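>>> here you go, sequence then predicted model.
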Amino acid sequence: AQSVTQPDIHITVSEGASLELRCNYSYGATPYLFWYVQSPGQGLQLLLKYFSGDTLVQGIKGFEAEFKRSQSSFNLRKPSVHWSDAAEYFCAVRGGGADGLTFGKGTHLIIQP
Amino acid sequence: NAGVMQNPRHLVRRRGQEARLRCSPMKGHSHVYWYRQLPEEGLKFMVYLQKENIIDESGMPKERFSAEFPKEGPSILRIQQVVRGDSAAYFCASSPRGNSPNTEAFFGQGTRLTVV
């Protein structure tokens, strides 16, 4: 069975600074990886996804993520954060077939002025 | 094209009552997934349904919980005899097809159930 670990429960970043959110997964074959963002009281919005090909994936809102098979990681990055990026971020993995997503516990991003 | 619609957005039930959560998938989507999010936790998969079929219910509690996705109408997640531990946000996601792992699922805004 697959699993996802997001080691950082909370991260505080100054506005304009760079951001990296960590995600490690466990899955025996090629995983299908996703990053979602959840604003307070809202549903989940897909930021980006990796299925195959180029290991550096571009997403919406200026986010990108890099798949590193050797490290079983799929870290999310943004060069310069904005106050509106404050939210909960979830990494998720999906195995083969039509399985539901397996989510990490999330990282709460706080933006300091 | 409206997104995934869940209602109600907020639901309060007393212990022992029944909770019915509804999910209307995006137009053209015939696959529905339900997830539960407990406070301070990530989302946990509960059940995957196609029209009139339950495909995977490995994440559903064995008792009191049931789900359906009829030929007509929304998908329903039903919780009988609710207890305080059922208080959570319940999210529905839909996709146009479920047999491809790279198919994106679109999430609704969730139903927040509070059991008092």
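Cool, the structure landed.

>>> count of neighbours near B:Glu63?
By other C-beta atoms under 10 Å in any protein chain shown, 8 other residues sit near B:Glu63. Using the backbone N, CA and C atoms, a C-beta is placed for each residue, glycine as well.

>>> state the pLDDT value of it.
Residue-level confidence at B:Glu63 comes out at 95, pLDDT.

>>> and for the one 4 residues further on?
The predicted structure scores B:Ala67 at 97 on the pLDDT scale.

>>> mind telling me what element it is part of?
Assigned by DSSP states H and E, B:Ala67 belongs to strand B:65-68.

>>> after that strand, which helix or strand is next?
Downstream of strand B:65-68 (by DSSP H and E), the next one is strand B:75-79.

>>> what residues of that following strand count as buried?
B:Ser75, B:Ile76, B:Leu77, B:Ile79 (16 or more other C-beta atoms under 10 Å in any protein chain shown).

>>> pairing partners for the residue nearest to the spatial centre of chain B in the sheet, please.
Among the residues of chain B, the one closest to the centroid is B:Trp34, at 3.4 Å (C-alpha atoms, centre = their mean). B:Trp34 has these beta-bridge partners by DSSP bridges: B:Val47, B:Cys92.

>>> before we move on, back to that, list the contacts of the strand holding B:Ala67.
B:34, B:46-47, B:49, B:54, B:57, B:60, B:75-80 (C-beta atoms under 8 Å, 6 or more residues apart in numbering or on different chains).

>>> repeat that with 10 Å
For strand B:65-68, the external contacting residues (C-beta atoms under 10 Å, 6 or more residues apart in numbering or on different chains) are B:19, B:21, B:23, B:32, B:34, B:36, B:46-49, B:52-54, B:57, B:59-60, B:74-80, B:86, B:92.

>>> which of those are buried?
Those of the contacts of strand B:65-68 that meet the buried threshold are B:19, B:21, B:23, B:32, B:34, B:36, B:46-49, B:57, B:59-60, B:74-77, B:79, B:86, B:92, by 16+ other C-beta under 10 Å.

>>> show me the shaky parts of chain B.
Of all residues in chain B, those with pLDDT under 70 make up the ranges B:1, B:98-102.

>>> picking up where we left off before, from the chain's centroid, how far away is the strand holding B:Ala67?
Relative to the chain's own centre, strand B:65-68 is displaced by 9 Å; criterion: C-alpha atoms, centre = their mean, to the nearest Å.

>>> what comes up buried for that strand?
B:Phe65, B:Ala67, B:Glu68.

>>> show the contacting residues for A:Gln112.
Contacts of A:Gln112 by C-beta under 10 Å, 6+ apart are A:Thr12, A:Val13, A:Ser14, A:Glu15, A:Ala17, A:Val81, A:Trp83, A:Ala86.

>>> and those residues, which of them are in strands?
Judged by DSSP state E, the contacts of A:Gln112 include A:Thr12, A:Val13, A:Ser14 as members of strands.

>>> pLDDT wise, what is the last one at?
A:Ser14 is assigned a predicted lDDT (pLDDT) of 97.

>>> who's it bridged to?
A:Gln112.

>>> burial count for it?
10.

>>> with the second one instead?
Neighbour count for A:Val13, taken as other C-beta under 10 Å: 19.
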